[in-house]
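Asker: Sequence below, structure please.
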Amino acid sequence: MRKLILFCITVVLSSHLVSAQILSEREESRVVDEILHERFNVLLPQLMERTGIDMWVVISREYNEDPVLKTMLPSTWLSARRTTMLVFYKDAKKQEVEKLAIARYNVGESIKAAWDLNKFPNQWDALKDIIVSRNPNKIAINTSEDFGHADGLDHTHHVMLMNILPEAFKKKVVSAEPLSVAWLETRTDREMQFYPQLVKISHDIIAEGFSAKVITPGVTTTDDLVWWFRQKVNDLGLSTWFHPSVAIQRNDTANFEHLRSFSNRPKDDVVRPGDLLHVDFGITYLRLNTDVQQHAYVLKPGETDVPASIKKAFANGNRLQDILTSQFKTGRSGNEMLLAAIAQAKSEGIVPSIYTHPLGLHGHAAGPTIGMWDMQQGVPGSGDYKLYPKTAYSIELNASTFIPEWGKDIRIMLEEDGFYDGKTFYYIGGRQEKMHLVKYF
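Answerer: Below is the predicted model of the structure:
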């Protein structure tokens, strides 16, 4: 659905008013390019200095785009063009970063065309000339064992690059992993002006979906809700980076193990009074992503609130969030934060499972992995990556609690989006501390 909502006009999500502004296509394009300008001209020089990389070469082919390159394209480019080559060179003497495209045209406003076809009919020769003439200390390319986001240089282009480089320059080739990950994980001031709006929109869509306006017990199924969420996002002119999921826990004999909520859940489960509902949902807007999991309780006749035992279980989930985010300190690895949080949670009688991930230009983004649901002892590689300031995360986890009335454990599975500024962690748009109530009588 084409966005028809104009700049500075708020969006009404049925009965829920969203204070965030969903921009028209034209205005969204303008903002994306403004953010890119800030990232190239303010952020990139800082990151090249931090990582000690003075030349970064990004090469990608149309429809086989490097994940990093896709985040660098101007808003009006929906893909790379032919073979797109970008070179970023930090001149130590001038203390400036050159941003060059070995192309016939500029790549947006910040990256200038630097290919003289009369002198170099072959594009690879033009690239070689730029590299050799600058004579960098390092030539960083996007290869990585631990981060798929930073491993975007394909085999063909790697071979071609090494073939054109003089022997002395081949020795300078290094992985750009530290710079690629830093580029992807670091949020700018401009981005953080908009992120609360993305989270607000996501929360409001969930609030509407988990209401009597959408749910009719005995009729509505979990799959109905999944497709309602997808349609709602589409109707707003937004997109999502993953298919939502909706799952139910209830007073029955089913064991709600972790995989049940993702791959083994019944698609046609009919919502009933007394059900505990769970949704995993996120949107993409302004090239940023959200990732949220929340719960709702369907009131039974005569009930006015969530049963006390389920409230206690939910409080355990909130407490586990607090335990994890208290571990956020610059320089600590994902694995260090994971193990410390699990140990503290267990000491407080909480049964934890933590699988938190970075968030930003990708949903499952680059940066320190803080556990995976099936790797609670640490994640080799990406879990060893350390925490840096100005990074965003989906605080994703669950706490298992026994419910006496049901005679079994339930999992409170929470996910909320937050930001670490280098000193403190905060939730970008708040977090769920009370369940949504579905009242139909």
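Asker: Please count neighbours and contacts with C-alpha atoms only from this point.
Answerer: OK.
Asker: Quick one: the strands in the stretch 1-150 of the chain, in order.
Answerer: 10-13, 16-21, 55-61, 83-91, 96-101, 112-113, 139-141 (DSSP state E, counting those that start in this stretch).
Asker: Just send the ones you listed back as JSON lines, with mean neighbour count, mean pLDDT and distance to residue 154 too.
Answerer: Listed next are those as JSON lines, based on neighbours: other C-alpha atoms under 10 Å; pLDDT from 0 to 100; distance: least, C-alpha to C-alpha, whole Å:
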{"stretch": "strand 10-13", "mean neighbour count": "15", "mean pLDDT": "40", "distance to residue 154": "42"}
{"stretch": "strand 16-21", "mean neighbour count": "16", "mean pLDDT": "54", "distance to residue 154": "39"}
{"stretch": "strand 55-61", "mean neighbour count": "23", "mean pLDDT": "96", "distance to residue 154": "8"}
{"stretch": "strand 83-91", "mean neighbour count": "21", "mean pLDDT": "95", "distance to residue 154": "12"}
{"stretch": "strand 96-101", "mean neighbour count": "19", "mean pLDDT": "95", "distance to residue 154": "18"}
{"stretch": "strand 112-113", "mean neighbour count": "18", "mean pLDDT": "92", "distance to residue 154": "23"}
{"stretch": "strand 139-141", "mean neighbour count": "24", "mean pLDDT": "98", "distance to residue 154": "11"}
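Asker: Let me know which of the ones you listed is the nearest to residue 48.
Answerer: Of all the strands of the stretch 1-150 of the chain, it is strand 83-91 that lies closest to residue 48, at 7.3 Å by C-alpha to C-alpha.
Asker: circling back to that earlier point, for the strands of the stretch 1-150 of the chain, which one sits closest to residue 165?
Answerer: Per C-alpha to C-alpha, nearest to residue 165 of the strands of the stretch 1-150 of the chain: strand 139-141, 10.5 Å.
Asker: Which other helices and strands does that closest one contact?
Answerer: strand 55-61, strand 173-175 (3 or more C-alpha pairs under 8 Å, 6 or more residues apart in numbering; DSSP states H and E).
Asker: can you put those in a markdown table and add distance to residue 357?
Answerer: Shown next, in a markdown table, are the helices and strands packed on strand 139-141 (distance: least, C-alpha to C-alpha, whole Å):
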| stretch | distance to residue 357 |
| --- | --- |
| strand 55-61 | 25 |
| strand 173-175 | 23 |
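Asker: For residue 331, which of these is the nearest?
Answerer: It is, among the helices and strands packed on strand 139-141 and with distance given as C-alpha to C-alpha, strand 173-175, at 21.0 Å.
Asker: Give the buried residues for the closest one.
Answerer: 173, 175 (16 or more other C-alpha atoms under 10 Å).
Asker: next one: that strand to chain centre, how far?
Answerer: Distance of strand 173-175 from the chain centroid (C-alpha atoms, centre = their mean, to the nearest Å) equals 26 Å.
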